[in-house]
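requesting a structural model of the entry that follows:
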Amino acid sequence: MIPMPNLGFVGLGVMGGQMVKRLLDGGHRVTGYNRTRGKAQWLLDMGMHWADSPRAVAEAADIVFSMVTDSKALQAVVDGPAGVLAGLGPGKTYVDMSTANPSLSQEYAARAAESGAVMLNAPVSGSVITLQEGKLSIMVGGPREAFDRVKPILEDIGPTVTHVGGNLQAVSMKIATNLSLAVQMLAFCEAVLLAEKSGVARDMALDVLGRETAVEVLVNTVVASPMVRYRGPFVLSMPVEAWFNVNMMQKDLNLALEMGQRLNVPLPTTAISNEFLTAARGMGFAKRDFAVVFDVLALMAGVDTGVEK
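Numbering: from 1, shown residues only. Sure, this is the predicted structure:
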């Protein structure tokens, strides 16, 4: 019987922490690191081992994963004497699941190869609820042999694991996916608000009178998608902790717009959606889930939703 590899995980936030939980539930040995150790205590209680730096995680693991918010955060955990790259060596595999600048991912893949290791990019499509329900989709870029080796472990995180090409292609596919989320959400919010101002109830409490709400109708029509079904109800009640806040979504849209300029691909609806996220930040909603664009539209239309900043 082939022994299970030692796993490492850097970045134990909302998504990273839930990924580690699934790995622990799958019987894997995991060594983890997070900038704030207190946020990882629940995973330590489940049996996760702790390391004092990203480098220490990489040194302890055969396969090390990272899941952080953006390019700046990725550089913070990968570069330098305490970073992931410093702990890699021959035979090790590094799997970054973040959504970062594609050129940065290419650079790290090359530097990992110099140490005798191999790097895969494995960004995900889905939310924390998708992850908890075991429905996450993972797009993987990098050498096929490394993909085949890591795929069974990734399947313990999410059931749909697809090899899409090189490191660059995986990150590019994730950015292309996320721009669609923002565009879909803005269009959905427009539809809900238009229906509401024409007299269709948005408030769920009105349903006791036998009236369907705009949200209920839309999530059961042809315009519905998994994103609309999961996030659509946020126009009725925003989550206390954002699944994917305005700043994070705008980071992805800016990456998409940069790619569009470089590749000569016009992205008009992406640009418009990005401007509404800028408006959300200007209204003090930066830390809210990006579904808060509904409140931006509503305030512009003279509807006070009462959302807290």
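
please parse this structure into its domains.
Domain assignment for the chain by automatic domain parsing gives 7-165, 173-300.

export the ones you listed to TSV and tack on mean pLDDT?
As requested, those are exported to TSV (pLDDT from 0 to 100):
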stretch	mean pLDDT
domain 7-165	94
domain 173-300	82
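
which of these has the highest mean neighbour count?
domain 7-165 (a mean of 20; mean count of other C-beta atoms under 10 Å). C-beta coordinates here come from the backbone N, C-alpha and C atoms, glycine included.

between the two ends of that one, how far is it?
24 Å (C-alpha to C-alpha, to the nearest Å).

do the same with stretch 25-36
First-to-last residue span, stretch 25-36, C-alpha to C-alpha: 23 Å.

give me the residues contacting it.
4, 6-13, 16, 20, 23-24, 40, 43, 48-54, 56-57, 60-61, 77, 153, 156 (C-beta atoms under 8 Å, 6 or more residues apart in numbering).

pretty sure Tyr230 contacts Ser127?
Yes: assessed by C-beta atoms under 8 Å, Tyr230 is found in contact with Ser127 at 5.8 Å.

just the ones of the contacts of stretch 25-36 in strands?
7-10, 49-50 (DSSP state E).

can you put the residues you listed in CSV and add distance to Pro123?
Output for the ones in strands among the contacts of stretch 25-36, formatted as CSV (distance: C-beta to C-beta, whole Å):
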residue, distance to Pro123
Leu7, 18
Gly8, 18
Phe9, 15
Val10, 15
His49, 26
Trp50, 26
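
tell me which of these is nearest to Met139?
Here the nearest of these to Met139, counting by C-beta to C-beta, is Phe9; it sits at 18.7 Å.

just checking, that closest one touches Ala60?
No: between Phe9 and Ala60 there is no contact, the gap being 10.8 Å when judged by C-beta under 8 Å.

right, and the secondary structure at Tyr94 would be what?
Under DSSP: H, G, I helix; E, B strand; the rest coil, Tyr94 falls in the strand class.

first-to-last residue distance for stretch 3-13?
Termini of stretch 3-13 sit 28 Å apart (C-alpha to C-alpha).

contacting residues around it?
16, 19-20, 23, 27-34, 39-40, 43, 51, 54, 57-58, 60-69, 73, 77, 84, 98, 153.

does Asn167 really touch Val118, like I thought?
No: taking contacts as C-beta under 8 Å, Asn167 lies outside contact range of Val118: 10.1 Å.

common neighbours of the two, please.
Gly142.

residues touching Asn101, list them.
So, once contact is read as C-beta under 8 Å, 6+ apart, Asn101 ends up touching 71, 171, 255.

quick one: which of these is nearest to Leu179?
Leu255 (8.8 Å).

and what about the closest residue to Gly116 other than its chain neighbours, helix, strand or coil?
Of all residues not flanking Gly116 in the chain, Pro90 sits nearest, at 3.3 Å (C-beta to C-beta, 6 or more residues apart in numbering). For Pro90, the assignment made with three-state DSSP gives coil.

and Pro90, how far is that from Asn254?
Distance of Pro90 to Asn254, computed by C-beta to C-beta, to the nearest Å: 37 Å.

next one: Pro226
24 Å.

try Val240
Distance from Val240 to Asn254, by C-beta to C-beta: 27 Å.

could I get the full set of helices for the protein?
Along the chain, the stretches classed as helices by DSSP state H are 14-25, 41-46, 54-60, 71-78, 84-87, 102-114, 128-132, 144-155, 167-197, 214-218, 226-231, 246-263, 268-282, 293-300.

so how far is the fourth one from its chain's centroid?
Distance of helix 71-78 from its chain centroid, counting by C-alpha atoms, centre = their mean, to the nearest Å, is 15 Å.

tell me the helices and strands packed up against it.
Where contact means 3 or more C-beta pairs under 8 Å, 6 or more residues apart in numbering; DSSP states H and E, helix 71-78 is packed against strand 63-66, helix 84-87, helix 102-114.

okay, those in a markdown table with distance to Ser273 next?
Below are those laid out as a markdown table (distance: least, C-beta to C-beta, whole Å):
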| stretch | distance to Ser273 |
| --- | --- |
| strand 63-66 | 28 |
| helix 84-87 | 33 |
| helix 102-114 | 20 |
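
residues contacting Ser66?
9-11, 16, 54, 74, 77-78, 84, 94-98.
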